[in-house]
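Chemist: model the structure of this input:
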Amino acid sequence: MPGSVNTPGSVNAPGSAARLQWTADLGDGTYRNPVLNADWSDPDAIRVGRDYYLTASSFHRVPGLPVLHSRDLVNWTIIGHALPEPEPAEAYAAPRRGHGVWAPALRHHAGRFWIFYPDPDRGIYVVTAADPAGPWTRPRLLKPGRGLIDPCPLWDEDGSAYLVHAWAKSRAGFNNRLTLHRMSPDATRLLDEGTVVVDGDEIPGCRTLEGPKLYRHGGHYWIFAPAGGVATGWQYAFRAPGVFGPYEHRVVLEQGDSDVNGPHQGAWVDAPDGGHWFLHFQDRGAYGRVVHLQPMRWRADGWPEIGVHGTPVRRHRKPVAGQPPAAPAAGDDFAGGRFGPQWTWQGVPDPAWTGRAPGGGLRLACVRSADAGDLRRLPGVLGQRLPAQTFTAATDLTLTAGEPGARAGLTVLGDAYAWIGLERTAAGVDLVYRVARPDGPERDAAPRRPLPDPGRPVRLAVHVGAGAECRFTADAGTGPRPFGGPFTATGALWVGATLGLFAAAPPGPGPAAGHADFEGFHVDGEDHS
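Modeler: Okay, here's the model as predicted:
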């Protein structure tokens, strides 16, 4: 099969320190939603043989375009990224929230994997690979322009090819319409100026039509596309006898009497037994956009029905039986100073930022930056998605930097953020807890505590509970103790909160002011149904 499930960062990889924070697989032939209980935004997925692959938006995160693998659409692991660095890399040296990689489309054609993705400030790009685990080609710009989003290709049965995309009002000045192009079969160029095939302004109640996925089925061309906004929207299906229309439409998935708000934007996939399924996201604020799996059937009138009578299900039989429980890794032992593919940076990293700690863990350089006091602006935050709704994450930190102002710690980072960690002072090393409200400066949120033995590791932990309420603890050798008050996590622009590690220092001579050593990252889930 293409790719591999036994990769670093899969939950079953030796030495990954990864545990299941959320188990979608209930072990009795059924699953519960969400199947990916973390911020895997705007998912698209395909089946190749008996294997499923999924990619998602990554926005400003580096590397981008994560690639996940499953054998049953329920149990997923990370196998890599299709975009090692953004294009152009120099534009993402600092965090650019809300920019970067928006909703991608993943396809398999002519023996290769293809991802079409938009940068709303630059245009539509294409990357390809023989193996979904990589390596992938460098991005090629297929259609330049601002406001071009959510592209999806279709290679038709007669050898012709097409590309559909949506529009972002923030860049283009308009939205709520879908444009279709003829495309060269090798996806190197578009063959026409494009035709608006669906104008949402002509559909009563339709707003923010986006995220189109183009298919052919049952003698019709189909565009699956969401509308109504990420937190409150629904899913349309459009069909036409010809690819350029005219398209008729129906709402095929909406919240109804479920607690799944805004169920839309995803992928129709089939199973080896001939069954049909639909993956979509649900916006959960600080937790980001989690992924649900819905049964889907084709009705006698030729239209799809998603969920049960167009409403999301909470629990259902699995598409494929017999696969073991798995989830994207969260914990990490940082073996040899390396970290798994669950981690990303806020900006393009410098290799000098990381190294091997003496004990074999991860060493982060205290990189000098004028933004050392605002983690939202610091590219050197190594972060991952919140892995579940309730969990505890902990790491052992030693700060060896000798210059006052050097700092390192554990953070939950969004528009607002909090961090617990260590800061070098003229007198020694202090345990600190600092908080920044949205658009506000960072400040101490608890009295600083000087450490009697600065060379001893301190165990830092964050306990995330319902409603994304975070409580921090520290163990400096006398047992874990609460430090500071509760903090409610927030998302950032289009993404959920980040669970992160960092090391930084104020400006001064040289690129760094020493370093911080992190010995492992341990995540324990509290698996509440």
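Chemist: so what's Gly402 scoring on pLDDT?
Modeler: The model reports Gly402 with a pLDDT of 84.
Chemist: mind checking the SS state of the residue lying farthest from the centre of the chain?
Modeler: Distance from the C-alpha centroid of the chain, by CA atoms, centre = their mean, peaks at Ala427 (41.2 Å). Classification of Ala427 using DSSP: H, G, I helix; E, B strand; the rest coil returns coil.
Chemist: quick check: closest non-adjacent residue to it.
Modeler: Once flanking residues are discounted, Ala427 sits nearest to Pro450: 6.9 Å by CB to CB, 6 or more residues apart in numbering. From N, CA and C alone the C-beta is placed, and that goes for glycine too.
Chemist: what sits against the one you found?
Modeler: Shown in contact with Pro450 (CB atoms under 8 Å, 6 or more residues apart in numbering): 425, 427-431.
Chemist: quick revisit: measure the residue farthest from the centre of the chain to Tyr433 for me?
Modeler: 19 Å (CB to CB, to the nearest Å).
Chemist: also Ile46?
Modeler: Distance, Ile46 to Tyr433, by CB to CB: 45 Å.
Chemist: could you do Gly307 as well?
Modeler: 44 Å.
Chemist: let me know how buried Val62 is, in neighbour terms.
Modeler: 23 (other CB atoms under 10 Å).
Chemist: could I get the phi/psi values of the closest residue in space to it that isn't next to it in sequence?
Modeler: Leaving aside its sequence neighbours, Val62 sits nearest to Trp345 (CB to CB, 6+ apart; 4.7 Å). Dihedral pair for Trp345: phi -100, psi 160, per degrees, to the nearest 10.
Chemist: likewise for Met296?
Modeler: Backbone torsions of Met296, given as degrees, to the nearest 10, read phi -140, psi 140.
Chemist: do a quick rundown of the helices in the chain.
Modeler: 169-172 (DSSP state H).
Chemist: regarding it, what is its longest strand?
Modeler: In the chain, assigned by DSSP state E, the strand with the most residues is strand 512-525.
Chemist: summarise which helices and strands it is packed against.
Modeler: Other helices and strands packing on strand 512-525, by 3 or more CB pairs under 8 Å, 6 or more residues apart in numbering; DSSP states H and E, are strand 362-368, strand 391-399, strand 498-505.
Chemist: and that strand, C-alpha only, in CSV?
Modeler: Output of strand 512-525 as CSV, limited to C-alpha atoms (Å, rounded to 0.1, in the frame of the first residue of the first chain):
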residue,chain,number,x,y,z
ALA,A,512,20.2,33.1,21.4
ALA,A,513,20.6,33.5,25.1
GLY,A,514,21.2,29.9,26.1
HIS,A,515,18.6,27.2,26.0
ALA,A,516,15.8,25.2,27.7
ASP,A,517,15.6,21.4,27.9
PHE,A,518,12.2,19.6,27.8
GLU,A,519,12.3,16.0,28.9
GLY,A,520,9.2,14.4,27.3
PHE,A,521,5.7,15.5,26.8
HIS,A,522,3.1,13.4,28.4
VAL,A,523,-0.6,13.6,27.7
ASP,A,524,-3.3,11.8,29.6
GLY,A,525,-6.9,11.9,28.4
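Chemist: shaky segments in the stretch 401-529 of the chain?
Modeler: Scanning the stretch 401-529 of the chain for pLDDT under 70 picks out the ranges 526-529.
Chemist: just the strands in it please.
Modeler: Along the stretch 401-529 of the chain, counting by DSSP state E, counting those that start in this stretch, strands occupy 407-413, 417-424, 429-436, 442-444, 449-450, 458-465, 469-475, 481-482, 487-488, 498-505, 512-525.
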